[in-house]
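A.B. asks: Structure of the sequence below:
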Amino acid sequence: MKTVNEHQVEAWNGYEGRHWADHYDRYDAVNSGFNRFVLDGARLGGSDRVLDIGCGNGQLTRLAAG
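C.D. replies: Numbers count the residues shown, from 1 in each chain. Below you'll find the model as predicted:
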């Protein structure tokens, strides 16, 4: 399979990915103010599935799983 954006792959597998991993608590704190609104709007049920497309560090996905 061909990668379309090699520079983005290098960033996420390098400095950008390290930055997000090193500062996950900061990003979780910034995004956490929206979690309740998103979950309330989604109205998830026991048989629903959630796809995490990489918007954050997985905090909302973990909450949705609960």
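
A.B. asks: hey, let's count contacts and neighbours off CA atoms from now on
C.D. replies: Fine.

A.B. asks: pull the longest helix from this structure.
C.D. replies: Secondary structure of the chain per DSSP state H: the longest helix is helix 24-42.

A.B. asks: hmm, who's touching that helix?
C.D. replies: When contacts are defined by Cα atoms under 8 Å, 6 or more residues apart in numbering, helix 24-42 is touched by residues W20, G56, N57, Q59, L60, A64.

A.B. asks: Return the distance of the fifth one relative to L51.
C.D. replies: Same thing as L60. Using Cα to Cα, to the nearest Å, we find L60 at a distance of 11 Å from L51.

A.B. asks: These two: which has the busier surroundings?
C.D. replies: Set side by side, L60 and L51 show more neighbours around L60, with 21 against 6, by other Cα atoms under 10 Å.

A.B. asks: Tell me the pLDDT of the spatially closest residue to that one that is not a sequence neighbour.
C.D. replies: Nearest residue to L60, sequence neighbours excluded (Cα to Cα, 6 or more residues apart in numbering): N35, at 6.1 Å. Listed pLDDT for N35 reads 93.

A.B. asks: I'd like to know how many residues surround N35.
C.D. replies: 16.

A.B. asks: Also R43?
C.D. replies: Using other Cα under 10 Å, R43 has 9 neighbouring residues.

A.B. asks: Contacts for the helix or strand hosting H19 next, please.
C.D. replies: Assigned by DSSP states H and E, H19 falls within helix 15-22. Residues outside helix 15-22 that contact it (Cα under 8 Å, 6+ apart): A11, W12, Y27, N57.
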